[in-house]
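# 3D model of this:
(2 chains)
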Amino acid sequence: MKPITPKPMPHRFHQARWDESVIFELSQPGARGVLLPPVEAGIEQEVGNPARALPEAVRRTVPPALPEMSQIHVLRHYARLSQENLGVDLNIDVGQGTCTMKYSPKVNDQLTRTPKLTELHPLQDESTVQGILEVMYRLEGMLKEISGMDRVTLQPGAGSAAIYTNICMIRAYHAARGEDKQRDEVITTIFSHPSNAAAAKVAGYKVITLYPDADGYPDLEALKAAAFERTAALLITNPEDTGIFNPRIAEFVRIIHEAGGLCSYDQANANGILGITRAREAGFDLCHFNLHKTFSTPHGCGGPAAGASGVTARLAPFLPVPTVEFNGQKYYLDYNRPQSIGKVRPFYGVMPNILRAYAWIMSLGADGLREVAEVAVLNNNYLLKKVLEVRGVSAPYAKGKRRIEQVRYSWEQLYQETGVHSEEIETRVADFGMHYWTSHHPYIVPEPMTLEPTESYSRADLDEYAAMLKQISDEAYTNPEIIKTAPHNSTVHRTHQEPFDNPDEWALTWRAYLRKTGLPYPSPSSPAETLPERRGE
Amino acid sequence: MSSPKPVYPYIPNSVPAVKEQMLREVGAASIEEFYSDIPENLRFKGKLNLPEPLLSEAELIRHVDGLLNKNRSTREVLSFLGAGCYQHQVPAVCDEINSRGEFLTAYAGDPYEDHGRFQALFEYESMMAELLNMDVVNVPNYDGFQAAATALRMAARITDRTTVLLPVNMGADKFSKVHEYLKPDMTIERIPFDPKSGLLDLAALKAKLSEQVAAVYFENPTYLGLLETQADQISSMAHAAGALSVVSVEPLSLGVLRPPVEYGADIVCGDIQSLGIHMQYGGGHGGFIAANDDPKFVMEFPSRLFGVAPTVVEGEYGFGDVAYERTSFAQREEGKEWVGTAAALWGITAGVYLALMGPQGMVEIGEGIMQLCRYAMKKIAAIRGMKVTFAETPHFTEFVVNFDGAGKRAAQVNQALLERDIFGGKDLSSEFLALGQSILFCVSEVHILADLDRLVTALKEVVK
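Numbers count the residues shown, from 1 in each chain, chains lettered A, B, ... in the order given. Got it, this is the predicted structure:
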């Protein structure tokens, strides 16, 4: 037999296409997905059925029109939907820049599945949860070392929640000094995550946003002009979304400190600088990490995530309660913190991700973390070189300089020459089984594309991603139609966007869809209104 | 003495030869060159002081097991803890689906790569909508605390008013979160509860209502386990004052309990942990917010909202973001509060749970829990020295027991129960001073008759 032709670069992907119905269409009246334990006769005899004797004011009369399905049909439906989804496990996930899409080790997932974690109630007596408290205590210790901060809370549910937590502590700090009324402004930069600006606004601050200077660095002169006695804090990412490290960051901090403000370092993505540079050395008062970015916990389709907020000693009194302490014999939760900002979420944090992050650091150690940073940066600069070989793309700012862990590119030239937008490229990328992200709004860099290759991808992976971009660029110059009509190999085709912004048409739920399109509700396969009697003993 | 650097299984390009080649290709002498922008004074000197790594899976598992094995879980110890985190049977299919790498490791791709998560979350919204009898439900935000805090800010924006009325019978932790969240520009006033029924004091509510009030917030079931039977009146009173009725509800109760919209709620919120998500030491929370399909409300949601629309091919369901321009992703501080990574996978999981349970399952679990709860209340009330507080008010899954008559402190009772291998309930003695030495117990479908009788027997011994 003849040899079979080797695979091309990029591969000829096609996404799963199950043509799956919406779950309500799969309903079979009477079918059951799970059964409940029967109510024992001894209970029934003693108390009857109180739900049926409830006052009308609180009793439901019509059962919810949920789908009725056998177990295998629920499983199959969701298994099919999962196949129509592209996790890190499946793709060369360098296209979701700033998101730090890295490998989430399977062993760490396995560790979270023990009943010794999943079946712990957060209000159990401390003597019965010494193990998980020790994990939290130890992880705090590691993150203190990695950031140089004096205390770290693991309570925030995600990165933006950690930003918000930091702002609350900043507000409490100024309030404790009687300066909260005076200090009503927060400064951030346009290449910092939008939640820095948005969470500060929620916390009551006027937001000042600095734009980049000609070299792409946050404008130092603008900062000097903005910092004064009303400045509460600077919230700044470094390296910014451009992947450029701001070498004057300590000067930024000094200027804010001189104005009496605090400085919070957005280290959501610290992937390129682990063990290289820390919030402490740059003089920051607070910082935060996203455990689902730098510390490998999976992104879960958009959470559960986990955030960690670090502070210097002078901010420590304001940390959320409780903190985890160790008295030499036992670990315990400390609520006796009168200056605390209180709770930022129920209980103590997203525990499975706290455990995963702990396990990840334990499996790498100091040398491993540094290797993560160095390889992430090497990968990024390698990809930068490959991408710049593609026609129509550039890397604005800091010409000829190296980048840290990511790059915000521009397809401006390609757009000028072919009329193809970055957002159209984004859709075309789906045809290759990969992701692609433009940037947050506003598009300061025109026709943006943000790539972040992390440490998890091989050289061949990076070559393939660049080969895909090259192919799409070639298409733009020779056959732009194929881009403008994409996707072609996805689960579905181009979706009409107009209904999403039209209140008469948008349908956020199946019932709204039925109503707005004139279809019968409940749908014909919906459950009978009167349900059969429950299985008894 | 240091051993040579290993090749790390999680870092493909840690192979030294590959690194060398790549450095050559980019024309860099060393990796240090990439960091040339970072000034010397900002450099961390030396090596991070971290524990020695456990490079193999075997070492790592041994270590972590060693830590976690110090825990005793509710699988080993009979537990009656609730108070915001609930022990329920998690169907195996829930874990199967949320463990799939396609979902677990995905993030923020667009609907053409990630059609599956868009559809699964649209279906989650849709099934929650059936439970709640409302047309709009968000992609989950962080947790029920955040959901309440945001629902109240939404109400303030919608009414253009700044005062909210919160009940005294809500949990202290949730109040703490909401208070900090509203503090900058809103005013909170508290409505006491009737000491006999445990329900909202309507006279006090009436006195506090004014044209400054944006929302009246209450919970059903309340934090103390009671069903707010005056819900219709509360909503009517709020509406009469031009305020919104904001209700936090336990979604698991909605097979048997009336959806809040039917007693006048304008915004409904809560936590989805009960819907197929393990307790995880408090790590399994997700928040929901629901409203009617009115743009005045929809445009005030900070969260992602996924919707369905046709594609260019007939017969395909396409999905996407509804009214994306309202978000902080689109408009930074000019968006509605903020949006970010929150709890999407728990939303998918809760959807799986609702599909497995179906209408019949939701009715049965609600009825069964109420029977167990009533049984436990009845038996405990019969013990001398113990009093079930608010016994005349209908309960769902939790109830308060007071030990003042037995001369015992709540902490003593819980300690004595622990000695009998039982996790008692939440000690309320510092959270609700007015309730004296009281414990909030919680039962659910995981309990059987023998478990309840064991608790009753143990309590009898404790007060003897």
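# quick one: stretch A:244-253 near chain B?
Yes: among the residues of stretch A:244-253, A:244-245, A:247, A:249-250 lie within reach of chain B under C-beta under 8 Å from any C-beta of the partner chain. All C-beta spots, glycine's among them, are computed from the backbone N, C-alpha and C.
# Write the ChimeraX selection for whichever of those residues are buried.
Applying 16 or more other C-beta atoms under 10 Å in any protein chain shown to these, the buried members can be selected in ChimeraX as follows:
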select /A:244,245,249,250
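# which of the residues of stretch A:244-253 next to chain B lies closest to B:Ser248?
Among those, A:Ile249 lies closest to B:Ser248 (C-beta to C-beta), at 42.7 Å.
# Flag the shaky bits of chain A, pLDDT-wise.
A:523-537 (pLDDT under 70).
# So what does B:Val7 look like in phi/psi?
The phi and psi values for B:Val7, taken as degrees, to the nearest 10, are phi -90, psi 120.
# what sits against it?
For B:Val7, the contacting residues are B:14-16, by C-beta atoms under 8 Å, 6 or more residues apart in numbering or on different chains.
# cool, and B:Lys47?
Here B:Lys47 is in contact with A:275, A:366-367, A:370 (C-beta under 8 Å, 6+ apart).
# Top of the residues you listed by number of neighbours, please.
Highest neighbour count within the contacts of B:Lys47, by other C-beta atoms under 10 Å in any protein chain shown: A:Gly275, with 23 neighbours.
# what packs against the longest helix seen in chain B?
Secondary structure of chain B read by DSSP state H shows that its longest helix is helix B:344-381. Applying 3 or more C-beta pairs under 8 Å, 6 or more residues apart in numbering or on different chains; DSSP states H and E, one finds that helix B:344-381 contacts helix A:41-47, helix A:71-83, helix B:92-98, helix B:101-104, helix B:115-132, strand B:387-389, strand B:398-402, helix B:449-463.
# Distance from the helix or strand bottoming out on mean pLDDT in chain B to the middle of the chain?
Ranked by mean pLDDT, DSSP states H and E, the weakest helix or strand in chain B is helix B:328-331, scoring a mean of 92. Relative to the centre of its chain, helix B:328-331 is centred 25 Å away, using C-alpha atoms, centre = their mean, to the nearest Å.
# same deal with stretch A:124-136?
28 Å.
# which of the contacts of B:Val7 count as buried?
B:Ser14.
# Just the ones of the contacts of B:Val7 in helices?
B:Pro16.
# Go ahead and confirm A:Leu66 touches B:Tyr353.
No: judged on C-beta atoms under 8 Å, A:Leu66 makes no contact with B:Tyr353 at a distance of 10.2 Å.
# what is the orientation angle of the longest helix of chain B with strand B:398-402?
Angle of helix B:344-381 versus strand B:398-402, following axes from the mean of the first three to the mean of the last three C-alpha atoms, to 10 degrees, is 40 degrees.
# With just CA atoms, put stretch A:341-361 into CSV.
Provided in CSV are the C-alpha atoms of stretch A:341-361 (Å, rounded to 0.1, in the frame of the first residue of the first chain):
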residue,chain,number,x,y,z
ILE,A,341,-14.2,44.5,55.8
GLY,A,342,-16.4,41.5,56.7
LYS,A,343,-17.4,38.8,54.2
VAL,A,344,-16.9,39.0,50.5
ARG,A,345,-18.5,35.6,49.9
PRO,A,346,-20.1,32.8,51.8
PHE,A,347,-17.6,30.9,54.0
TYR,A,348,-13.9,30.8,53.0
GLY,A,349,-13.3,30.5,49.3
VAL,A,350,-13.6,28.2,46.3
MET,A,351,-12.1,25.2,48.1
PRO,A,352,-11.5,22.7,45.2
ASN,A,353,-9.5,25.4,43.4
ILE,A,354,-7.6,26.3,46.6
LEU,A,355,-6.6,22.6,46.8
ARG,A,356,-5.7,22.4,43.1
ALA,A,357,-3.5,25.5,43.3
TYR,A,358,-1.8,24.2,46.4
ALA,A,359,-1.1,20.8,44.7
TRP,A,360,0.2,22.6,41.6
ILE,A,361,2.7,24.7,43.5
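# tell me, how many neighbours does the nearest residue to A:Ala161 once chain neighbours are set aside end up with?
Excluding the flanking residues, the one nearest A:Ala161 by C-beta to C-beta, 6 or more residues apart in numbering or on different chains is A:Gly307, at 5.2 Å. If you count neighbours by other C-beta under 10 Å, A:Gly307 ends up with 33.
# my guess is A:Gly307 contacts A:Asn166, does it?
No: the pair A:Gly307 and A:Asn166 fails to qualify as a contact (C-beta under 8 Å) at a distance of 9.5 Å.
# which residues are common contacts for these two?
With C-beta under 8 Å, 6+ apart, A:Gly307 and A:Asn166 have common neighbours A:His288.
# Looking at the contacts of B:Lys47, which are in strands?
Among those, DSSP state E puts none in strands.
# show me which of those neighbour chain B.
A:275, A:366-367, A:370.
# just to revisit the earlier point, tell me the contacts of the residue nearest to A:Ala161?
Taking C-beta under 8 Å, 6+ apart, one finds A:156-163, A:165, A:288-291 in contact with A:Gly307.
# Spatially, which two of the contacts of B:Lys47 are the most separated?
Taking C-beta to C-beta as the measure, the contacts of B:Lys47 span a maximum distance of 8.6 Å, between A:Gly275 and A:Asp367.
# Look up phi and psi at B:Thr397.
phi -120, psi -10.
# Please apply the same query to the one 10 residues further on.
Recorded main-chain torsions at B:Gly407 are phi 70, psi 30, according to degrees, to the nearest 10.
# Let me know whether it touches B:Gly385 as I believe.
Yes: using C-beta under 8 Å, B:Gly407 is in contact with B:Gly385, at 7.3 Å.
# Could you list the low-pLDDT ranges of chain B?
B:1-3.
# Please enumerate the helices of it.
Under DSSP H, chain B gives helices at B:16-26, B:57-68, B:92-98, B:101-104, B:115-132, B:144-159, B:172-182, B:202-208, B:231-240, B:295-298, B:328-331, B:344-381, B:410-419, B:449-463.
# most tightly surrounded among the ones you listed?
Of the helices of chain B, the one with the most neighbours on average (mean count of other C-beta atoms under 10 Å in any protein chain shown) is helix B:115-132, at a mean of 29.
# the inter-axis angle of that one versus helix A:71-83?
Going by the same axes, to 10 degrees, helix B:115-132 makes 130 degrees with helix A:71-83.
# for helix B:115-132, packing partners?
helix A:71-83, helix A:510-516, helix B:101-104, strand B:136-137, strand B:287-291, strand B:306-310, strand B:317-321, helix B:344-381.
# Next one: A:Pro37 from B:Val446, what distance?
Noted for A:Pro37: a distance of 8 Å to B:Val446, by C-beta to C-beta, to the nearest Å.
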